[in-house]
Each structure stands twice: as C-alpha cells, then as structure tokens.
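Novice: Sequence first, then the predicted structure:
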Amino acid sequence: MSETVGIVGWGTAFPKRIETAADLVERTGIPEKVLREKMGIHQRHVAGDDDTVTAMASAAARKAIGLAGIDPAQINIVISHGSEYKDHNVWNAAAKIASNVGAVNAYAFDLYALCAGAPIAITTAKGLMLAGPHQDYALLAAGSRENDLVNPANQRARFMFNFGAGGGAMLLQYGAARNLILGASALTDGSLSETVILTRASGALEDEASEALGDLRGRLDVTDSAFMAERLGAVSLPNFVRVIREAVERSGAAMEDVRFLGITHMKRSFFEEILETVGLTPDQSAYLDNYGHIQSVDQVLSLEIGLAQEKIHPGDLIVLAAAGTGYTWSAVAIRWG
C-alpha cells in the first residue's frame, strides 16, 4: 500500500433554526444592507438545546462515514477539532463523538486551534497515519455554536457577529488513491494571543442575568480594539498568503496550479482581497454568506459547496485555509480526484 493519505468522506450538519440579516438588525444596531453586503451575513444557523457540539459533529461524521461506505469499527483515530465551548468543560469531546458513531476501535482526542483547526487537524491525522501500522482510517469532526458567546450589542465584538452554528467532518484513509493530502503550513503571531478572550468585562455581557451558559461564565470580547485592528491590518493578508503559498510549494506545485480555495468566512472585501492576491477569482471559492463563520467547520463546508457547485474537478489542486484568534493561520493543499 502506498504512503498516501486522502479524503474519502465528508459531511456537514446544521441546526434547523435560521436567523437572517433582518433578524439581527435590532440586536446589533447594524443596517441590514451592511450586514449582508459588507459583513457577508445573509443568514446563519442557530443551535437549540439539543444541538450540542458533539451532536452536530456526530451528525456530520455519520454522513462522512456513509459517503466513504465503511464500517465505523474500521476507524482507528477520532479527532475533534471543534469548539472548546462544548457539551462539558474540561472534557474529551472526541470520545463522545467516537461513541456516537460506533468507532469502537479508535482512540480519540481533542485538538484545539480555534478557527485555524481544520488544516492543522488534517495535517496531524496524516502524520499519525503515516507514523505507524494499522492506522487505516481517521475521522476528523468539529462542531461549533460560538455565536452563543457573543453579545450582539457589544460593538467591540462586531467582527464576531457572523458566527453561526453547525458541524462538519472528514474521513481520511491511509493508502488512498484519490483526494490526496499534500503540503501544509501554519503560522502563529503570539502578540495577538490575548486580544480575544472570554470575559465578564463591562459591555461583554448582555446583562448580569445572562452571564452563565451552563458551567461557563462570560462572553467573548476584544481586549484592545485599537491594537487588534492595527496588528491584524498589518499581518493578516501576508500571513494568509504565506501559509497558502507554503502549502502549495510543499506539494511540489506553484500558485498558478491552484484551482479552488476553501477559506474561513470573513467580511466580503477581505475575502476578495485574499483571492485576488493569490491569483484566484470568487468563482474559484465558496463564500459562506448563507452560513456565517462556523469556526473550523468552514473548510469542509467550503469543500462541500465547491463540489456541489462544480467548482472542483478531478485533478484540481485545491487549498483549504483558515485563521483563528491566537492568532494562527493555516493551510493544506489537496490533489482532488
């Protein structure tokens, strides 16, 4: 069997409840046109009580396993790379996902790189599968409902108003002959490590009565808006370009070979700027304005949309790229088909 790892299954799952841009106008104080056209929020899914992180991740995982056509007992590794705001605090969500889907022969662990997690989880799983025998299948699953953690009246957290809820999963196979995982890259700027934190600071909470979410206290907030805007403005574009370029070059390819980019949801102008800088067009990507930003689910969602819209073809070199507070940028290149 050849020393390759490829993606043989994928899937997503979303809560039934949907909020539109119009629904967010009163709560955010932002005009609907700005929400839709500038921030790229047409609608987003919102989780209910039963839509836990592991429930959504498990639903997506079952789709990935079904698409691959394997018995879940064949899975050797389960990695949860979703939200740390999960069913329980200080808890291994991957173990629950493995149990839910019937991966009874797998070892399971959580990998947390916030919204940069998907490319890093793919690279980690590939490394584990190539490191030892009997690692034929790895399941990567993620769920997020971090929109619960954002006060829509807190203008410091404005860039997080696009958060939505959902789950995504990929199934990787050792010795695969298709959808091969190639080069990868990641980069962290630790000067931004405490710019976004969970806090009970003034303005972060909607009101004191809503402070608690289960065992969790507080909401996501930006600690220094001016510094974050200045620093991200200086480094985000070049760091995105760097990890994308490095992932492609480590695949033995050139940027001119890339045919599709699946990337984190962000405001439309920056999305288009990244595409233009790396030599792609919006027709070579998927903009997630009907879903919002679902942490590290965005990449498999982009892949699924790209395939459904026939933007990805056999033989194409595609890149999945992400960025998450911390601040980390990541990318992985895949030869599709």
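Specialist: Ah, there it is.
Novice: Please name the nearest non-neighbouring residue to A13.
Specialist: A59 (3.6 Å; C-beta to C-beta, 6 or more residues apart in numbering). The C-beta positions use only the backbone N, C-alpha and C, and glycine is treated the same way.
Novice: which secondary structure element contains the one you found?
Specialist: Here A59, judged by DSSP states H and E, is contained in helix 53-68.
Novice: So what's the model's average confidence on that helix?
Specialist: The average pLDDT for helix 53-68 rounds to 98.
Novice: Show me which residues of that helix are buried.
Specialist: Using 16 or more other C-beta atoms under 10 Å as the test for burial, helix 53-68 gives 53-65, 68.
Novice: before we move on, back to that, pretty sure the residue nearest to A13 sits against G167.
Specialist: Yes - using C-beta atoms under 8 Å, A59 makes contact with G167 at a distance of 5.9 Å.
Novice: what touches both of these two?
Specialist: Shared contacts of A59 and G167, defined by C-beta atoms under 8 Å, 6 or more residues apart in numbering, comprise A13.
Novice: How many residues are close by D283?
Specialist: Residue neighbour count, defined by other C-beta atoms under 10 Å, stands at 10 for D283.
Novice: That one: what secondary structure?
Specialist: helix (DSSP: H, G, I helix; E, B strand; the rest coil).
Novice: do you know how far it is from G337?
Specialist: Distance from D283 to G337, counting by C-beta to C-beta, to the nearest Å: 19 Å.
Novice: how long is stretch 251-259 from one end to the other?
Specialist: Separation of the first and last residues of stretch 251-259 by C-alpha to C-alpha, to the nearest Å is 14 Å.
Novice: tell me which residues in that stretch are buried?
Specialist: S251, A253, V258, R259.
Novice: Those residues in helices, which ones?
Specialist: Assignment to helices by DSSP state H places none of these there.
Novice: just the residues you listed now: which is nearest L307?
Specialist: Minimum distance to L307 across those is 12.4 Å, recorded for R259 (C-beta to C-beta).
Novice: Just the pLDDT for L216.
Specialist: pLDDT for L216: 82.
Novice: List the contacts of it.
Specialist: Contacts of L216 by C-beta under 8 Å, 6+ apart are Y85, N89, L149, L198.
Novice: Next, count neighbours for the first one.
Specialist: Read it as Y85. 19.
Novice: now it: how far from L220?
Specialist: Taking C-beta to C-beta, one finds Y85 at 9 Å from L220.
Novice: swap in the third one?
Specialist: L149 sits 5 Å away from L220, taking C-beta to C-beta as the criterion.
Novice: got any residues that touch both of those two?
Specialist: Common neighbours of L149 and L220 (C-beta under 8 Å, 6+ apart) are L198.
Novice: what secondary structure does the residue most central in space within the chain sit in?
Specialist: Nearest to the geometric centre of the chain sits S296, at 1.6 Å (C-alpha atoms, centre = their mean). Three-state assignment for S296 (three-state DSSP): helix.
Novice: That one and I122 touch, don't they?
Specialist: No - in this structure, S296 is not within contact of I122 by C-beta under 8 Å, at 10.3 Å.
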